[in-house]
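Peer 1: Give me coordinates for this.
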Amino acid sequence: MEIKAKEIAQRWLDELTFSAATWDLEAHMALVSRRVKVLGIPGAGIIDFSGWKKRRHNEFRGKLLRSLTYRLIDILSHAEDSLLFTVTETMKSSRGETITVDKAINLHREEDGQWRVIREWIDRIERTERK
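Peer 2: Next up is the predicted model:
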């Protein structure tokens, strides 16, 4: 089951990466549960579905997000309809800024069979400017 869990996580990450690379908001948001909660962003409180969509809409429309990549770190737990894993996310902006985020992602297989993120916990955020 560990291999299948890694495959599910990697496929979801690849789809998220591709939707960001193509600025496809509809495909991107199809990977996010309407019940999503993102916790741990300093000063942001809890980000919900509408907050996620608004942020990505602005980034995609203005082509501000140059790339979004992930490195899968570890599968923490998995069940038939739930998967929890850690990643390092790297966002590169069109302005030369790189944001590296260590976080845990909880995917849930929803009623339509689609795996969607339902929770994210941010552990660390590091920003670097291009020199």
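Peer 1: got any ranges where the protein has weak pLDDT?
Peer 2: 1-2, 131 (pLDDT under 70).
Peer 1: longest helix anywhere in it?
Peer 2: helix 2-21 (DSSP state H).
Peer 1: What are the contacting residues of that helix?
Peer 2: 24-25, 27-28, 31, 56, 60, 65, 67-70, 72, 75, 78, 83, 85, 87, 105, 107, 115, 117 (CB atoms under 8 Å, 6 or more residues apart in numbering). In this view, the C-beta of every residue, glycine as well, is placed from N, C-alpha and C.
Peer 1: Buried subset of the residues you listed as a PyMOL selection?
Peer 2: Applying 16 or more other CB atoms under 10 Å to those, the buried members can be selected in PyMOL as follows:
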select buried, resi 25+28+31+56+60+65+68+70+75+78+83+85+87+105+107+115+117
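Peer 1: Mind checking which of the contacts of helix 2-21 are in strands?
Peer 2: The members of the contacts of helix 2-21 that map onto strands under DSSP state E are 65, 67-70, 72, 75, 78, 83, 85, 87, 105, 107, 115, 117.
Peer 1: Closest to residue 36 out of those?
Peer 2: Distances from residue 36 to the ones in strands among the contacts of helix 2-21, taken as CB to CB, are shortest for residue 117 (5.7 Å).
Peer 1: just checking, that closest one touches residue 107?
Peer 2: Yes. Here residue 117 reaches residue 107: they are 5.8 Å apart, a contact under CB atoms under 8 Å.
Peer 1: re earlier: residues of the longest helix of the chain that come out buried?
Peer 2: For helix 2-21, by 16+ other CB under 10 Å, it's 5-6, 8-9, 12-13, 16-17, 19-20.
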